[in-house]
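Participant: Sequence below, structure please.
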Amino acid sequence: MAKPSSQLEWCIIRLGDDMNWWVVEISNAIHWDMDGLSIIDPKQINHIIDLCESLRSYGFDPDLINSAFFKFRIEKEQKNGHVHLTRVRSSLLESEDQLFALPEIMDEEKGPYADFLDQITNSRVKLLNELIEFDESLTIDELEEEIRGRQNNVYFEGRAVHFFSEITAILEYVPAGFELDIGEDTSTSKKEEHDEFPDIDVVEEKIVEDETMKWDEDANENVDEIADEEPIVVKPRRGRPRKK
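Facilitator: Numbering: from 1, shown residues only. Sure thing, here's the model as predicted:
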């Protein structure tokens, strides 16, 4: 368990086989449990912020996101594939920098990160009860029990639960047998992602003809024969209608 300290200023991370980032070294190592300590990358924290937007109407305060995480930016990349991060005091909600987020777990039961998990759990349950007609209202205990069961399965396999998985398990939770459609439109985000690619100017090169590029007489005759043949008409293949 992590203990309070004001010396958290940097950390070194690596990309795991699961394509998630994990901490390998930290500035105040004696105060942190390094066994399976994960960190949330910029794309993941942006996804979390987007998911939290749907909880505003159910009592969630977005400012909790800032207090729940230590923020880091990339300082330099190392030759062994590790990345050195430096702590910053920027806001995850307002900063234009690509920031990594390490949950503030100095007090795992009553700290800012624990409060953040409690709040998104509470708000998610309210959202589900409003949008889905259950025979009986969903409870926080039911949600937590199911998620805890999933996490225990991961632990039994000898793997650590990444913080991103822990958070999105709550923010994307839907009870088995039910579906939730809140009308999320991802077309804008997809377009913006596509627009990030720079325009590439394609230059067509003119090829200078030489003797090797001339057709011989036999080739010309073959071309004429092919041209005289009736064209082959390919009938369009009708697909099977998709079930709705």
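Participant: where in the chain is pLDDT low?
Facilitator: 1-6, 30-31, 182-244 (pLDDT under 70).
Participant: in it, which strand has the most residues?
Facilitator: strand 69-77 (DSSP state E).
Participant: Strand partners (parallel or antiparallel) of that one?
Facilitator: Using DSSP bridges, strand 69-77 pairs in its sheet with strand 83-88 (antiparallel), strand 100-103 (antiparallel).
Participant: roughly how far is the longest one from the heart of the chain?
Facilitator: If you compare the mean C-alpha spot of strand 83-88 with that of the full chain, they lie 20 Å apart, counting by C-alpha atoms, centre = their mean, to the nearest Å.
Participant: buried set for that strand?
Facilitator: Neighbour-count burial for strand 83-88, counted by 16 or more other C-beta atoms under 10 Å, picks out 83, 85, 87. Yep, even glycine has a C-beta here, placed from its N, CA and C like the rest.
Participant: and if you look at stretch 147-154?
Facilitator: Within stretch 147-154, judged by 16+ other C-beta under 10 Å, the buried ones are residue 147.
Participant: Give me the nearest residue to the residue nearest the centre of the chain, chain neighbours excluded.
Facilitator: By C-alpha atoms, centre = their mean, the chain has its centre lying nearest to residue 44, at 4.1 Å. Distances taken as C-beta to C-beta, 6 or more residues apart in numbering put residue 164 closest to residue 44, at 4.5 Å, once the chain neighbours are dropped.
Participant: ditto for residue 132
Facilitator: Once flanking residues are discounted, residue 132 sits nearest to residue 178: 5.5 Å by C-beta to C-beta, 6+ apart.
Participant: Now distance to residue 50 too, for the strands paired with strand 69-77, in CSV please.
Facilitator: Converted to CSV, those look like this (distance: least, C-beta to C-beta, whole Å):
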stretch, distance to residue 50
strand 83-88, 21
strand 100-103, 14
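Participant: Indicate which one of these is closest to residue 122.
Facilitator: Nearest of the strands paired with strand 69-77 to residue 122, taken as C-beta to C-beta: strand 100-103 at 18.0 Å.
Participant: Now do that closest one: distance to the chain's middle.
Facilitator: Worked out by C-alpha atoms, centre = their mean, strand 100-103 lies 14 Å from the chain centre.
Participant: Following that strand in sequence, what is the next regular element?
Facilitator: Counting by DSSP states H and E, the next helix or strand C-terminal to strand 100-103 is helix 112-131.
Participant: Helices of this protein, residue ranges please.
Facilitator: Taking DSSP state H as the criterion, the chain carries its helices at 42-53, 63-68, 112-131, 140-156, 163-171, 187-195, 217-228.
Participant: re earlier: ok, which of the strands paired with strand 69-77 comes nearest residue 64?
Facilitator: Among these, the nearest to residue 64 by C-beta to C-beta is strand 100-103 (11.9 Å).
Participant: what's next to the longest strand of the chain, contact-wise?
Facilitator: Contact partners of strand 69-77, identified using C-beta atoms under 8 Å, 6 or more residues apart in numbering, comprise 8, 10-11, 39-40, 45, 83-90, 92, 95, 97-104, 113.
Participant: Can you get me a residue count around the residue nearest to residue 132?
Facilitator: Residues lying near residue 178 (other C-beta atoms under 10 Å) number 12.
Participant: Just give me the neighbour total for residue 90.
Facilitator: Count around residue 90 with other C-beta under 10 Å applied: 15.
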